[in-house]
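>>> curious how this folds, go ahead:
(2 chains)
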Number of protein chains: 2
Amino acid sequence: MKRTAFFLSDGTGLTAEALGHSLLAQFEKIDFERITVPYIDDADKAREMVKRINKAAEVDGTRPLVFDTIVDRDIRDLISGADGFMVDIFGTFLSPLEQELQSSSSYTVGKSHAINNEGSYERRIHAVNFALDNDDGARTRHYNEADLILVGASRSGKTPTCLYLALQYGVKAANYPITEEDLDDQKMPAALRSHKEKIFGLTIDPERLATIRNERKPNSRYSSLKQCMHEIEEIELMYRRERIPFLNTTAYSVEEISTRIMVTTGLKRNR
Amino acid sequence: MKRTAFFLSDGTGLTAEALGHSLLAQFEKIDFERITVPYIDDADKAREMVKRINKAAEVDGTRPLVFDTIVDRDIRDLISGADGFMVDIFGTFLSPLEQELQSSSSYTVGKSHAINNEGSYERRIHAVNFALDNDDGARTRHYNEADLILVGASRSGKTPTCLYLALQYGVKAANYPITEEDLDDQKMPAALRSHKEKIFGLTIDPERLATIRNERKPNSRYSSLKQCMHEIEEIELMYRRERIPFLNTTAYSVEEISTRIMVTTGLKRNR
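The predicted structure is shown next:
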């Protein structure tokens, strides 16, 4: 059976979505139609939304789930008049928190993804620029500024991970691809040697690597399983020899790779 | 007064963090020490965590706030034995949802940021690669594949926005910097003309633009307020003349810019 799930917010909707998706992921057998509606920040938009929820209830023959992180109580009250099953996140947790903190909530909209702290926001954007400027071994002279240097075979997931670390945590991550020439030398590339404490290695199953490489350069030596097996074997040997902490990314999303790196390295978020 | 706030998870901790930060943003007067601990996925780690929470309670002289999205009931029960104020997200919402959906939760860990749907995850990573390959007007021949083409002055926020749109929504966004030469022509750059329906413009206050540019190229013509004022004026004129939807990014974070673009363009997430 299909159920509609709305994620509503007077801000970006990112929190309502993250929480709603987490909860719905626990109900694998149900097919959800997911609709995010951000910026519901006045009574008119709330009334429009009520109509839309009621319409979905009619069409589906069952009331939709409504996850909301709307801060404004009046708007929330309007929404709760709809024919939906309300998972009212602020309504549920704010007043117990007010009691616990003996402080009243400011009930201000859109705090969580806004630029509250300009310095912290700028650090994230700087970190994104740093990741772009120091991608793929393009430059190594800024490695002293890096918080982290990700190394690994070409296409093992370094770049998206560096970008996510920058956007989510404000961490300045450079990345360096380990090439065959590096491996022939049997030692750590010279550019990395003086930054050993910042290095984290990625590895990946050779079969998966071959699939990814084949999308870029089909039927090349570069994307052959034999070549991928050789590179990965040598790279993992190097990690072990040099005692570089490393992670196999095959089964992990970029979010999981990034949080695991944060835990393993003990890096602190910079935002 | 300082309060410690823990964000705990048996997965990445991203959801607990997002929700916890949203709620705490409502209490501006309180200084929170924020600690995220992901991957609490066995009883030993849970018991360690209990000790850590109790220790913080002792040091602070008041119990910490504990936001958790731990799915496993046994682990959650252990954590709830700590001397903390529990904001137990799954505990609060899962059983009402089970009732509403007449379906039992699978109580499986780490679903929300894991690779549940390989196709969808690959689309996000493809979108990141697309954004990188089509950054800064580097190539325009792939614009037919783009979901969106962001245009704007150099340093108005195009690149981080494209990357965020890719990571969060799986949207393939290219970006094209509008240069002085483009403006002298008084018309839309040729590379863009055949993709008008995909174009979205960014603008920014000239003062802010000058500050950002000065960090990259101090005291240059490029970063002078006069030059920034000129470019922004001409660019906004062009947007109006060509009826390109646009957004002033000055006060917005990359998350806000991205969600507003999604709303304005009606683009659907591709994940």
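
>>> just the helices in the stretch 101-250 of chain A please.
For the stretch 101-250 of chain A, the helices defined by DSSP state H, counting those that start in this stretch cover A:118-133, A:158-169, A:180-184, A:190-193, A:206-216, A:225-242.

>>> strands of chain A, start to end?
A:2-8, A:31-37, A:65-68, A:85-88, A:148-152, A:173-177, A:199-203, A:246-248 (DSSP state E).

>>> so which of the ones you listed comes closest to chain B?
strand A:85-88 (4.8 Å; C-beta to the nearest C-beta). C-beta: built from backbone N, CA, C; applies to glycine.

>>> highest mean neighbour count out of the helices of the stretch 101-250 of chain A?
Of all the helices of the stretch 101-250 of chain A, helix A:158-169 carries the top mean neighbour count, a mean of 25, counting by mean count of other C-beta atoms under 10 Å in any protein chain shown.

>>> who are the packing partners of that helix?
Packing partners of helix A:158-169 (3 or more C-beta pairs under 8 Å, 6 or more residues apart in numbering or on different chains; DSSP states H and E): helix A:118-133, strand A:148-152, strand A:173-177, helix A:254-265, helix B:118-133, helix B:158-169.

>>> quick one: is the third one near chain B?
Going back to what we said before, that points to strand A:173-177. No. Strand A:173-177 does not reach chain B (C-beta under 8 Å from any C-beta of the partner chain); its nearest approach is 12.2 Å.

>>> pLDDT on that strand, on average?
When pLDDT is averaged along strand A:173-177, the result is 96.

>>> and it, how far from the chain's centre?
18 Å (C-alpha atoms, centre = their mean, to the nearest Å).

>>> need the residues that contact it.
Here strand A:173-177 makes contact (C-beta atoms under 8 Å, 6 or more residues apart in numbering or on different chains) with A:127, A:130-131, A:134-137, A:140, A:142-143, A:146-154, A:158-159, A:161-162, A:165-166, A:189, A:191-192.

>>> any weak-confidence spans in the stretch 1-150 of chain A?
A:1, A:108-112 (pLDDT under 70).

>>> correct me, but residue A:29 touches residue B:103?
Yes. Checked against C-beta atoms under 8 Å, the pair residue A:29 and residue B:103 is within contact range at 6.1 Å.

>>> the two: who's more crowded?
Higher neighbour count among residue A:29 and residue B:103: residue B:103, with 16 against 9, using other C-beta atoms under 10 Å in any protein chain shown.

>>> tell me who's in contact with the nearest residue to that one once chain neighbours are set aside.
Among residues not flanking residue B:103 along the chain, residue A:27 sits closest, at 5.5 Å (C-beta to C-beta, 6 or more residues apart in numbering or on different chains). Going by C-beta under 8 Å, 6+ apart, residue A:27 touches B:97, B:101, B:103, B:105-106.

>>> closest to chain A among those?
residue B:105 (4.0 Å).

>>> I figured the closest one was touching residue B:93, is that so?
No. Between residue B:105 and residue B:93 there is no contact under C-beta under 8 Å: 10.1 Å.

>>> shared neighbours of these two, which are they?
Counting by C-beta under 8 Å, 6+ apart, nothing touches both residue B:105 and residue B:93.

>>> what residues go with each domain of chain A?
A:2-113, A:118-265 (the TED database).

>>> switch those over to a markdown table; also include distance to residue B:60.
Converted to a markdown table, the domains of chain A look like this (distance: least, C-beta to C-beta, whole Å):
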| stretch | distance to residue B:60 |
| --- | --- |
| domain A:2-113 | 13 |
| domain A:118-265 | 23 |
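
>>> circling back to that earlier point, nearest to residue A:223, of the strands of chain A?
strand A:173-177 (14.8 Å; C-beta to C-beta).

>>> run me through the strand neighbours of the closest one, direction for each.
strand A:148-152 (parallel) (DSSP bridges).

>>> the strand it pairs with: how far from the chain's middle?
Per C-alpha atoms, centre = their mean, the centroid offset for strand A:148-152 relative to its chain is 18 Å.

>>> relative to helix A:158-169, how tilted is that strand?
Relative orientation of strand A:148-152 versus helix A:158-169 (axes from the mean of the first three to the mean of the last three C-alpha atoms, to 10 degrees): 150 degrees.

>>> how about residues contacting strand A:148-152?
Contacts of strand A:148-152 (C-beta under 8 Å, 6+ apart): A:143, A:158, A:161-162, A:165, A:171-178, A:192, A:195, A:198-204, A:235, A:244, A:261, A:265, A:267.

>>> tell me the angle of it relative to strand A:199-203?
30 degrees.

>>> for stretch A:217-230, what is the average pLDDT?
Computed over stretch A:217-230, the average pLDDT equals 96.

>>> send me it as CSV with only the CA atoms.
Extracted in CSV, the C-alpha atoms of stretch A:217-230 (Å, rounded to 0.1, in the frame of the first residue of the first chain):
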residue,chain,number,x,y,z
LYS,A,217,37.1,4.6,-19.6
PRO,A,218,35.4,1.5,-20.9
ASN,A,219,37.6,-1.5,-21.8
SER,A,220,40.9,0.2,-21.0
ARG,A,221,43.9,-1.3,-19.1
TYR,A,222,43.0,1.3,-16.4
SER,A,223,39.6,-0.2,-15.8
SER,A,224,40.5,-3.9,-16.2
LEU,A,225,39.9,-6.1,-13.2
LYS,A,226,43.5,-7.3,-13.3
GLN,A,227,44.9,-3.8,-13.0
CYS,A,228,42.4,-2.9,-10.2
MET,A,229,43.4,-6.0,-8.3
HIS,A,230,47.1,-5.2,-8.7
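
>>> can you give me the offset of it from its chain's centre?
With C-alpha atoms, centre = their mean, you get 29 Å for stretch A:217-230.

>>> outside of that stretch, which residues touch it?
A:153-154, A:206-207, A:209-210, A:213-214, A:216.

>>> hmm, try it at 7 Å
A:206-207, A:209-210, A:213-214 (C-beta atoms under 7 Å, 6 or more residues apart in numbering or on different chains).

>>> one more: stretch A:49-67?
A:2-8, A:16, A:19-20, A:37, A:40, A:78-79, A:81-87, A:89.

>>> of the residues you listed, buried ones?
Using 16 or more other C-beta atoms under 10 Å in any protein chain shown as the burial test, the contacts of stretch A:49-67 include A:3-8, A:16, A:19-20, A:37, A:40, A:78-79, A:82, A:84-87, A:89 as buried.

>>> and chain B, which of these contact it?
A:19, A:85, A:87, A:89 (C-beta under 7 Å from any C-beta of the partner chain).

>>> I'd say the third one and residue B:93 touch.
Yes. Judged on C-beta atoms under 7 Å, residue A:87 makes contact with residue B:93 at a distance of 5.6 Å.

>>> residue A:195 - how many residues pack around it?
17.

>>> wait, what's in contact with the residue lying closest to it once chain neighbours are set aside?
Nearest in space to residue A:195, with sequence neighbours left out and distances taken as C-beta to C-beta, 6+ apart, is residue A:143 at 4.9 Å. Neighbour list for residue A:143: A:149, A:174, A:195 [criterion: C-beta under 7 Å, 6+ apart].
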